[in-house]
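In: Here is my input, please return the structure:
(2 chains)
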Amino acid sequence: MEVKEFEIWWKIPFKHSAGLHATKFFEGLKDGKILGVRCERCGRVLVPPRAFCERCHVETNDWVEVSDEGVVETLTVTYMKFTGLPDPPYAIGVVKLDGADTGMLCFLGGVDLSEWRKVHETFKPGTRVKAVWKEEREGKITDILYFEPLK
Amino acid sequence: MSVAVVGFGQTHFRTKRKDKTHPEIAFEAVNAALEHAGLELKDIEAVAYGSMDPFDGIYCPERWDATACSLEKPMMKISTGGTTGMTTALAAYEHVASGLFDLVMAVCVQRVGECVDAQPVLNTAVDPIYERHSGLGAIHIASFQATAYMEKYGATEEDLAWVSVKDHKNALKNPYAHIKMDLGVDDVLKSRVVCSPLKLLECCPRSDGAAAVIFASEDLAKKIRDNPAWIVAETTISDSYYLGDRLSFAEWDSLAIAGRRLFRDAGIENPVKDIDVAELYSPFTIQEILELEALGFAEKGRGKELAREGVTFIDGDMPTNPSGGVLCTNPIGATGLVRFGEAALQVMGEAVNQVDGAEVALAHAWGGTLQFHTLAVLSSKKKLG
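Out: Predicted structure coming up:
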């Protein structure tokens, strides 16, 4: 006996508030600036900014601008298509920007992604990279298209 | 108060258990655990239940599954990502350790196989404001660890592949395991790259299934069976939400902290010497290596050698995942409970892939984007030493 199956979809819209801190960060992106906040207790500069330092449990209101250049901490190139996620191949990594103490999750690009070993050589941890910005910025995380190797 | 495991049951894990509905799978695991303990459901005083809701497309599956495990009993639901199963075990344990109950069952059910693609679900566990656009899922994060570890410690693709060879070899003998493949290193290396550097045969499957573990207070445990598995120590830890706040991808610092806490409480000075077998939550090859180092089974940078040199194989000095582990079977919210149950079976001397003379076992689970860890030491003795 063939067991019956019923296909069900979850397609439910949500609206997530960015809060005041992230909104200010996104407004900065529109102006081509990357903003962070410094924790007045531990001194760490958090990028992207959060309204409190989780380690010190204090509010963070000391705004600083950081560079759009930094260092690759790690990366991966995806070759499999996952439902609703970007089309492969795409490279993502964690980049620590100059002036920041935390890493930012971002796309890596500007190079051929077909062979992963070459991509890992180009962007290996410690490699310096620079942001490539969208020409018409909208105040979204995607205003930074990707990071490419610093020439 | 001393608390012991007196029963463990698990279902056969498959991509899809089309033969049964959600509570029917729970029923199968619950009955297996009750049979193992020689008990009936009426004996169970309270239930801790765990599942990761979105994978199954059913919100509050505890509603459906309560019919199979907890009708008219106190019931508490736990959901902490990949640690769900272990956290549920600890919730049940603490219900007994507190003295409030004498007999409590942990039940975890998950049907990842009914979710056509798990990565978009995992992506919803990522911050929606700053990080979700990247398509981040569990495989990507494990690959971040692999890239950083290989660069920092010079590990090779082959080093990682040996972990997969070892787990698959163990799974072949486990009747409950999902993936049964007799693999060599070359098979792993030749499988397609999913997220570089990790390949398909270095990544876990999506599994359907359930598990149940029964905990008893000291006197009752001794009456129920002559080989209970005593919980010697346990702990959990939580870490940062944002990936970029933890820049040491080549080490698992939060696990190291939790491990030190666990071993202090258990009275373990040298984990290599004092622990006979470990069931680790390693859905990706690299993670077993990082876990072994964080927990002190290998020095930093040396964990990569253990599978290659046979140390972690079942006849090695430090067997890991004799069940075949998470790499071969991953019903995510139930997976941690399977680690706990398999660790219990090892110290009871009843595991299918029994490590000879195992008296002390470690069980571990991680969850969230590398965010949570849950650990426990189980033993055939109430106290170590």
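In: alpha carbons only for contacts and neighbour counts from here, please
Out: OK.
In: Run through the strands of the chain in chain order.
Out: With no chain named, the answer covers chain A. Applying DSSP state E to chain A gives strands spanning A:34-38, A:45-46, A:52-53, A:58-59, A:62-66, A:69-78, A:90-97, A:103-108, A:128-133, A:144-149.
In: wait, I meant chain B there
Out: B:3-10, B:46-50, B:75-78, B:103-111, B:193-195, B:198-199, B:208-217, B:229-238, B:277-279, B:360-367, B:372-379.
In: Chain A: which of the ones you listed is closest?
Out: strand B:193-195 (4.3 Å; CA to the nearest CA).
In: Point out the other helices and strands that the closest one packs with.
Out: strand A:69-78, helix B:138-153 (3 or more CA pairs under 8 Å, 6 or more residues apart in numbering or on different chains; DSSP states H and E).
In: Out of those, indicate the one that is most buried.
Out: strand A:69-78 (a mean of 26; mean count of other CA atoms under 10 Å in any protein chain shown).
In: What lies in contact with that one?
Out: Contact with strand A:69-78 is made by A:88-98, A:103, A:113, A:116, A:119-120, A:123-131, B:140, B:143-145, B:147-148, B:193-197, B:247, B:249, as judged by CA atoms under 8 Å, 6 or more residues apart in numbering or on different chains.
In: tilt between that strand and strand A:90-97?
Out: 160 degrees (axes from the mean of the first three to the mean of the last three CA atoms, to 10 degrees).
In: which residues touch the residue lying closest to residue B:314 once chain neighbours are set aside?
Out: Computed as CA to CA, 6 or more residues apart in numbering or on different chains, the closest residue to residue B:314 that is not its neighbour in sequence is residue B:322, at 6.0 Å. Each residue near residue B:322 by CA under 8 Å, 6+ apart is listed here: B:167, B:170-171, B:279, B:313-314, B:353-355.
In: 10 Å instead?
Out: B:166-171, B:173-174, B:277-280, B:312-315, B:342-343, B:346, B:351-355 (CA atoms under 10 Å, 6 or more residues apart in numbering or on different chains).
In: re earlier: any chance of the strands of chain B in JSON lines with distance to residue B:287 as columns?
Out: As requested, the strands of chain B are arranged in JSON lines below (distance: least, CA to CA, whole Å):
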{"stretch": "strand B:3-10", "distance to residue B:287": "24"}
{"stretch": "strand B:46-50", "distance to residue B:287": "23"}
{"stretch": "strand B:75-78", "distance to residue B:287": "24"}
{"stretch": "strand B:103-111", "distance to residue B:287": "22"}
{"stretch": "strand B:193-195", "distance to residue B:287": "14"}
{"stretch": "strand B:198-199", "distance to residue B:287": "11"}
{"stretch": "strand B:208-217", "distance to residue B:287": "22"}
{"stretch": "strand B:229-238", "distance to residue B:287": "17"}
{"stretch": "strand B:277-279", "distance to residue B:287": "13"}
{"stretch": "strand B:360-367", "distance to residue B:287": "10"}
{"stretch": "strand B:372-379", "distance to residue B:287": "13"}
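In: Redo these as CSV? Include mean neighbour count.
Out: Output for the strands of chain B, formatted as CSV (neighbours: other CA atoms under 10 Å in any protein chain shown):
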stretch, mean neighbour count
strand B:3-10, 28
strand B:46-50, 28
strand B:75-78, 18
strand B:103-111, 31
strand B:193-195, 23
strand B:198-199, 26
strand B:208-217, 31
strand B:229-238, 22
strand B:277-279, 27
strand B:360-367, 27
strand B:372-379, 27
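In: any chance of those in TSV, plus mean pLDDT and distance to residue B:129?
Out: Below are the strands of chain B laid out as TSV (pLDDT from 0 to 100; distance: least, CA to CA, whole Å):
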stretch	mean pLDDT	distance to residue B:129
strand B:3-10	98	39
strand B:46-50	98	28
strand B:75-78	97	26
strand B:103-111	98	28
strand B:193-195	98	23
strand B:198-199	98	27
strand B:208-217	98	31
strand B:229-238	98	21
strand B:277-279	98	35
strand B:360-367	98	21
strand B:372-379	98	21
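In: number of nearby residues for residue 53?
Out: Since no chain was named, I'll use chain A. Residues contacting residue A:53 under the criterion other CA atoms under 10 Å in any protein chain shown number 21.
In: you looked at the wrong chain, it should be chain B
Out: With other CA under 10 Å as criterion, residue B:53 counts 18.
In: Show me just the buried residues among the contacts of residue B:322.
Out: B:166-171, B:174, B:277-280, B:312-314, B:342-343, B:346, B:351-355 (16 or more other CA atoms under 10 Å in any protein chain shown).
In: so where's the stretch 101-250 of chain B shaky on pLDDT?
Out: Scanning the stretch 101-250 of chain B for pLDDT under 70 picks out nothing.
In: same thing but at 90, please
Out: B:116-120, B:243 (pLDDT under 90).
In: quick revisit: kindly state the pLDDT recorded for the residue nearest to residue B:314?
Out: pLDDT recorded at residue B:322 is 98.
In: Tell me how far it lies from residue B:201.
Out: Applying CA to CA, to the nearest Å, the value for residue B:322 to residue B:201 is 18 Å.
In: Could you do residue B:256 as well?
Out: Residue B:256 is 27 Å from residue B:201, by CA to CA.
In: So for the two, which residue has more residues nearby?
Out: More crowded of residue B:256 and residue B:201, by other CA under 10 Å: residue B:201, with 26 against 19.
In: The more buried one against residue B:194, yeah?
Out: Yes. Between residue B:201 and residue B:194 a contact is recorded at 9.4 Å, counting by CA atoms under 10 Å.
In: Contact partners for residue A:58?
Out: A:39-42, A:51-52.
In: Please repeat the previous calculation with a cut-off of 8 Å.
Out: So residue A:58 contacts A:39, A:41, A:52 (CA under 8 Å, 6+ apart).
In: ditto for residue A:56
Out: Residue A:56 touches A:41-42, counting by CA under 8 Å, 6+ apart.
In: try it again with 10 Å
Out: Counting by CA under 10 Å, 6+ apart, residue A:56 has contacts A:39-42.
In: Please apply the same query to residue B:187.
Out: B:161, B:164-165, B:201.
In: How about residue B:139, nearest residue that isn't a chain neighbour?
Out: Using CA to CA, 6+ apart, the nearest residue to residue B:139 is residue B:195, at 6.6 Å.
In: Return the set of residues that bridge with the one you found.
Out: Per DSSP bridges, the residues bridged to residue B:195 are residue A:78, residue B:198.
In: May I ask you to confirm that it is in contact with residue A:80?
Out: Yes. Counting by CA under 10 Å, residue A:80 is a contact partner of residue B:195 at 7.4 Å.
In: who touches both of the two?
Out: Here residue B:195 and residue A:80 share the contacting residues A:88-90, scored by CA under 10 Å, 6+ apart.
In: Let me have these in JSON lines, extended by pLDDT and neighbour count.
Out: Below are the shared contacts of residue B:195 and residue A:80 laid out as JSON lines (pLDDT from 0 to 100; neighbours: other CA atoms under 10 Å in any protein chain shown):
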{"residue": "A:88", "pLDDT": "97", "neighbour count": "16"}
{"residue": "A:89", "pLDDT": "98", "neighbour count": "17"}
{"residue": "A:90", "pLDDT": "98", "neighbour count": "20"}
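In: and the longest helix for chain A?
Out: helix A:19-30 (DSSP state H).
In: from the middle of its chain, how far away would that helix be?
Out: Centroid separation for helix A:19-30 versus its chain: 14 Å, with CA atoms, centre = their mean, to the nearest Å.
In: Likewise for stretch A:106-125?
Out: With CA atoms, centre = their mean, you get 16 Å for stretch A:106-125.
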